[in-house]
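Participant: Show me the folded form of this:
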Amino acid sequence: MDDKIIVLPNKEKMFKRLLKVSDDDSLQKRFYPLLLQLAGSELVVESFVTMLRFIIDDYTKNLSLRAYSLLYGQADHFIDVLVDDAEMAQQAKDFFHE
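Facilitator: Next up, the predicted model:
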C-alpha cells in the first residue's frame, strides 16, 4: 500500500452519506456518532480501516453475532460512501477483508 491519505468528509456530509447506506434508527443513534468522530480526519488506508474495525467492534460488543455479521457485511458500503477516491476505497476494502 502506498502512503496516500484519505480525507474524510466533514460531519454533515459524512452523516448524509452514511444515511445512504442505512437510515436505521439504531445506527443513527449509536453507530454513526462513533464514525462521525473521524469526520475531517486525514488517515492512511491502514489507519482508516483499523479505526473502522474498532468502531464496528465497539458498537457490536453487546450485540448478537448476527448483528456483528450484518454490520461487518456492510463495511464495503461504508467505505464507498466515506472515501471519495475509488482507488483508495478499493485499497481500504481489500485491506479490511485481509
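
Participant: For this structure, give me the ranges with low pLDDT.
Facilitator: 1-2 (pLDDT under 70).

Participant: which residues in this structure form helices?
Facilitator: 11-21, 25-26, 32-36, 45-60, 65-73, 75-82, 86-96 (DSSP state H).

Participant: shouldn't Val45 be in contact with Ile6?
Facilitator: Yes: counting by C-beta atoms under 8 Å, Ile6 is a contact partner of Val45 at 6.4 Å. Any C-beta I mention is one placed from the backbone N, CA and C, and that applies to glycine too.

Participant: shared neighbours of the two, which are they?
Facilitator: Met88, Ala92 (C-beta atoms under 8 Å, 6 or more residues apart in numbering).

Participant: ok, back up a step: redo the helices of the chain as CSV? Include mean neighbour count.
Facilitator: Output for these, formatted as CSV (neighbours: other C-beta atoms under 10 Å):
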stretch, mean neighbour count
helix 11-21, 15
helix 25-26, 10
helix 32-36, 18
helix 45-60, 17
helix 65-73, 13
helix 75-82, 19
helix 86-96, 17
